[in-house]
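*Asks:* Fold the following and give me the result.
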Amino acid sequence: MAVRVGVLGATGAVGQRLIQLLEPHPDFDIAALTASDSSAGKTYRQAAKWRVDSPIPGDIGEMTVTATDPDEVPDDVDLLFSSLPSSIGSEVEPAFCEAGYVVSSNSSNSRMAEDVPLVIPEINADHLDLLEVQRDERGWDGALVKNPNCSTITFVPTLAAIAEYGLEKVHVSTLQAVSGAGYDGVSSMEIIDNAIPYIGSEEDKLETESRKLLGEFDGAELSHNEMSVSASCNRIPTIDGHLENVWVETEDELTPADAAEAMRAFPSLDLRSSPEPLIHVFDEPDRPQPRMDRTVGGGMAIAAGGLQETPFGLQYNCLAHNTIRGAAGASVLNGELLLENGYL
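*Replies:* Presented below is the predicted three-dimensional model:
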């Protein structure tokens, strides 16, 4: 029997992508949609300004949207996917967890909390057991798991693939698509014929989340990876797909050929939404490119290429679809991991 799930913040861009991914999913059955008070009581078709590249599923369009409140969500919903703004998520998500709901969240609040697992399943699935610590410390019957920022998800899998060489210093420069800012995030007059070399708080997310993701969990505490990470973030006029330039210094010698082999061989997981391979490595020096490669692996794989030696260590480029792998798809994948590990 499919697990009954809900979507918090269902009318937003990530909420819409969640619905697109969840509606055909054999393990999940959408049973609740929440949004702002102004949308509550409307059908989803009335409440959502649909912008995803497929029609609203017919049965979803006629579902009634409720307020984002634990009292408004049916008790038999086992899992909630959250795409709430962090300012709202910081207040609402703990309330749902206290009420007994398990929440797989894309929102940025609490990602760095010591007892909240920040998870990319193929990279650090064992960190999910931090939920036992979380429940003990907070007294929750529910639980809260986070997926990282869309730009963090793009480069961390490539680092995990070469971690055996000893990660010491990492610099990443991002070229991020406008969809990462939401539909109203960047005006056309700002971004057309332009690039914006600043995205508020984004650099800190890459620098801190990456070290948590690649840290070690001993069953009681999580220690962060000791590599140093610096980031510079740029918004460019592509619609979807975050392209990143990465420089890595390692303790042991790492050639481009070694790195390519390690990335190609890095294992995926036997979860429905996890792609095979996880990292698609291009031999061509001018790949990956957002328009051509953002949907590799159904939008859930990481694309890499342009591997070369430089005076600053190994340099390469990587790319991920920011609203699929980097947001909604990451939350769905964490939901699958929660299901497989008996948390639902």
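*Asks:* Burial check on S201, number of neighbours?
*Replies:* When counting by other C-beta atoms under 10 Å, one arrives at 10 neighbours for S201. In this view, the C-beta of every residue, glycine as well, is placed from N, C-alpha and C.
*Asks:* backbone phi and psi for it, please?
*Replies:* For S201, the backbone dihedrals (degrees, to the nearest 10) come out as phi 70, psi 0.
*Asks:* Distance check, it against P311.
*Replies:* S201 is 31 Å from P311, where distance means C-beta to C-beta, to the nearest Å.
*Asks:* go on, G180?
*Replies:* Counting by C-beta to C-beta, the gap from G180 to P311 is 31 Å.
*Asks:* Those two - which one has more neighbours?
*Replies:* With other C-beta under 10 Å as the criterion, G180 and P311 differ in neighbour count, and G180 comes out ahead with 25 against 6.
*Asks:* check contacts around the more buried one.
*Replies:* Applying C-beta atoms under 8 Å, 6 or more residues apart in numbering, we find G180 in contact with C150, S151, I199, R235, H242, N322, T323, G326.
*Asks:* burial of the nearest residue to the last one once chain neighbours are set aside, as a residue count?
*Replies:* Meaning G326. What sits nearest to G326 in space, not counting adjacent residues and going by C-beta to C-beta, 6 or more residues apart in numbering, is C150, at 2.9 Å. A count of nearby residues for C150, using other C-beta under 10 Å, gives 26.
*Asks:* List phi and psi for C150.
*Replies:* phi -60, psi -30.
*Asks:* Could you pull out the buried residues of whatever helix or strand K205 lives in?
*Replies:* Here K205 sits within helix 202-213, counting by DSSP states H and E. By neighbour count on 16 or more other C-beta atoms under 10 Å, the buried set for helix 202-213 is E202, E203, K205, L206, E207, T208, E209, S210, R211, K212, L213.
*Asks:* ChimeraX command for the buried members of the contacts of G180?
*Replies:* In ChimeraX, a selection of the buried entries from these looks like this (16+ other C-beta under 10 Å):
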select :150,151,199,235,242,322,323,326
